[in-house]
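1. coords please:
(one chain, ligands or ions: 1)
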Amino acid sequence: MGRRVIISGNWKMNKESAGAAELVKGLLADVKNMSAEREMIIFPPAIYLKEVSEMTKGSKIKTGAQNMYFKAEGAFTGENSPKMVKDAGAQYILIGHSERRHVFGETDALINQKVKAAYEFGLLPMLCIGELLEEFKAGKSKDVCKKQLVEGLKDVSADQMKSMVIAYEPVWAIGTGEVATPEIAEDIHKFCREVLTDLYSAEISSIVPILYGGSVKADNAAGLIAKENVDGALVGGACLDAASFMGIAKA
Ligand code: PEP
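-> Take a look at the predicted model:
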């Protein structure tokens, strides 16, 4: 059997209550038409996570939070804890998204603490990695991804890695309409798999799904997912409309 194929949607800071409910209803109406082998995960804003998790309970749609702090509770104004994410009904946690890294200044060390907290509190992490445009132009994509993997996965055990999901999201492709070609994505994903083989083993490396993210749309998703090492997508803009997200999920 091959690796899990996951279609995931990061709503970012979009939708309010009514819009969130409408989007979820649209997805629930069509998700049965997605191939049974595929998984769907959506990451709504934390404030709607409980509502969305309740709506999707028992369906093929799983939920996750876009971010969390790594402590269980305490004086951390404005943050949500791993326990709260779980309590809201989510299974997954997005960690190290490029906007967290580059808008909010999250470091690899902080991201690693969040990854370890995910396992400690029973959440499934989706670790995002990816290089900036200037790093891409300088031919440093692989160096950047390797560093983010090595530092983000520090002290994560081989056993824990069995439930890890990686998302490669070149920053120059996020929200820009500049999708990476399937060849570029495949080259980096294959390289990331080699890094995982060096860090863990060929067996672990072959299990971990590596998703591509960055301007994925219904009309470019199939070409990307057809690549051997591209195991699905993390979608931003195109996941905010049920028809467009389902178009990707069924591509
Ligand atoms: C993202 O935010 O993870 C993303 C990939 O965004 P977009 O699909 O809009 O490029």
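2. Skipping adjacent residues, who's closest to the residue in the chain positioned nearest to the ligand in space?
-> Closest residue of the chain to the ligand, CB to the nearest ligand atom: Gly236 (2.1 Å). For the C-beta atoms, the positions are set from N, CA and C on the backbone; glycine is no exception. Once flanking residues are discounted, Gly236 sits nearest to Asn10: 5.3 Å by CB to CB, 6 or more residues apart in numbering.
3. With Glu54 instead?
-> Spatial nearest neighbour of Glu54, excluding adjacent residues (CB to CB, 6+ apart): Gly89 at 6.3 Å.
4. Can you give me every residue that contacts that neighbour?
-> Gly89 sits next to Leu49, Lys50, Ser53, Glu54, Lys57, Thr63 when contact means CB atoms under 8 Å, 6 or more residues apart in numbering.
5. now the helices: where do they sit in the stretch 151-251 of the chain?
-> Ranges of helices within the stretch 151-251 of the chain are 158-161, 182-199, 202-207, 218-225, 242-249, based on DSSP state H, counting those that start in this stretch.
6. re the thing from before, could you name the specific helix or strand carrying the residue nearest to Glu54?
-> Using DSSP states H and E, Gly89 sits in no helix or strand.
7. From Trp11, how far out is it?
-> According to CB to CB, to the nearest Å, Gly89 and Trp11 sit 16 Å apart.
8. ok, now Leu211?
-> For Leu211, the distance to Trp11 - CB to CB - is 16 Å.
9. re the thing from before, deepest-packed of the helices of the stretch 151-251 of the chain, please.
-> Neighbour counts (mean count of other CB atoms under 10 Å) averaged over each of the helices of the stretch 151-251 of the chain peak at helix 242-249, with a mean of 21.
10. quick one: that helix to chain centroid distance?
-> Remark: helix 242-249 is offset 17 Å from the chain centroid, using CA atoms, centre = their mean, to the nearest Å.
11. Thanks a lot, catch you later.
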